[in-house]
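A.B. asks: Output the structure for:
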Amino acid sequence: MGGLCCDRNIQGGGAVVNFVIGLIVALGCMLGGYAALGGHLMVLVQPWEFVIICGASLGTFIVANPMSTIKDSGKAAMEAILDKTPKQKDFLDVLGLCHAMMREMRAKPRNEVEAHIDNPTESAIFQAFPSVLADQSLTAFICDYCRLIIIGNARTHEIEALMDEEIQTVTYDQLKAYHALTAVGDGLPALGIVAAVLGVIKAMGALDQSPELLGGLIGAALVGTFAGIFISYGIVSPLAQKVKTTRQKKLRVYVLVKQALLAFMNGAMPQIAVEFGRKTIPAKERPTIDVVENATSPGGGDAQKEAA
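C.D. replies: Numbering: from 1, shown residues only. As a prediction, the model looks like this:
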């Protein structure tokens, strides 16, 4: 388990390094090219222009979004920077839980299965997969459809349609942060123009001054336009795209559960049903059949923990 945590820390650290390297390359090439053309870097140091742009964008972000979305946007940004996406171990846990629940539904009476579904936090099956239990939304998704399966009245295509509808709803909720950040990125160039206009207004008040002073004021005003465009297309928009990619990867576990449970409803054995789920895992993170078989076999979970 310690090795697994170490691996995740290394992966998170690598994602941060990539993010920082990307910013350094973008800033280095841009500022280096400007300096090579003979520009003076100190001209770009206009803190109040940045205060106007960043403050206005933050204010419009707060106006446009409820507090839940604002908080989730910060969380989503950190997830994107740290690359907190499901890894092979996470997919194995979901497959293992689905396999265990399908075995229970196949072999045990309804009242015994309902004991796990009604209170998953007290269920020995769910407790064996803490990474799944920690995700309340995914746990509720699994419990709800296991309950519908053991009731026995719903048909497969009805359950599939209901699953698709819920996955679409979860996707909408998970991507609110992406849409909020995208809106900020789209508005930043215009807010940069606002900062530039304010700078030009200030420069117009100094028309009686020397050309050198007037030129400096106009140059400072144009820094606002530059800052708005760069922050938009160089930082916020790429971060929003990474948030979208990260959240979409996290939603793959829902598709995994859906395919496994539908296969089970259609009569597949639990070991075959989890293979339907395994096929939905991205190739980079997809465990082999042997790994899944070892993880879902009796005692396989313990062996997997020891290996980790």
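A.B. asks: which residues are in contact with stretch 80-95?
C.D. replies: Stretch 80-95 has contacts (Cβ atoms under 8 Å, 6 or more residues apart in numbering) with 4, 7-8, 11-12, 14-16, 19, 78, 129, 131-132, 138, 239, 242-243, 245-246, 249-250, 252-253, 256-257, 260, 274, 277-278, 281, 285-287, 291-292, 295-296, 304, 308. Glycine gets a C-beta too; all of them are placed from N, C-alpha and C.
A.B. asks: correction: stretch 133-150
C.D. replies: For stretch 133-150, contacts defined as Cβ under 8 Å, 6+ apart pick out 94, 97-98, 101, 105, 110, 113-114, 117, 120-121, 126-127, 132, 154, 159, 162-163, 166, 170, 253-254, 257, 261, 264-265.
A.B. asks: would you put the C-alpha positions of it in PDB?
C.D. replies: Coordinates of each C-alpha in stretch 133-150 appear next as PDB, following Å, rounded to 0.1, in the frame of the first residue of the first chain:
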ATOM      1  CA  LEU A 133     -16.500   3.800  -1.000                       C
ATOM      2  CA  ALA A 134     -14.800   7.200  -0.700                       C
ATOM      3  CA  ASP A 135     -16.600   8.300  -3.900                       C
ATOM      4  CA  GLN A 136     -20.200   8.800  -2.600                       C
ATOM      5  CA  SER A 137     -21.700   9.400  -6.100                       C
ATOM      6  CA  LEU A 138     -20.200   6.300  -7.600                       C
ATOM      7  CA  THR A 139     -21.200   4.200  -4.500                       C
ATOM      8  CA  ALA A 140     -24.800   5.500  -4.800                       C
ATOM      9  CA  PHE A 141     -24.700   4.700  -8.600                       C
ATOM     10  CA  ILE A 142     -23.700   1.100  -7.900                       C
ATOM     11  CA  CYS A 143     -26.100   0.600  -5.000                       C
ATOM     12  CA  ASP A 144     -29.100   2.000  -6.900                       C
ATOM     13  CA  TYR A 145     -28.700  -0.300  -9.900                       C
ATOM     14  CA  CYS A 146     -27.900  -3.300  -7.900                       C
ATOM     15  CA  ARG A 147     -31.200  -2.700  -6.100                       C
ATOM     16  CA  LEU A 148     -33.100  -2.400  -9.400                       C
ATOM     17  CA  ILE A 149     -31.500  -5.700 -10.600                       C
ATOM     18  CA  ILE A 150     -32.500  -7.700  -7.500                       C
END
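A.B. asks: pLDDT (mean, whole number) over that stretch?
C.D. replies: Stretch 133-150 comes out with an average pLDDT of 93.
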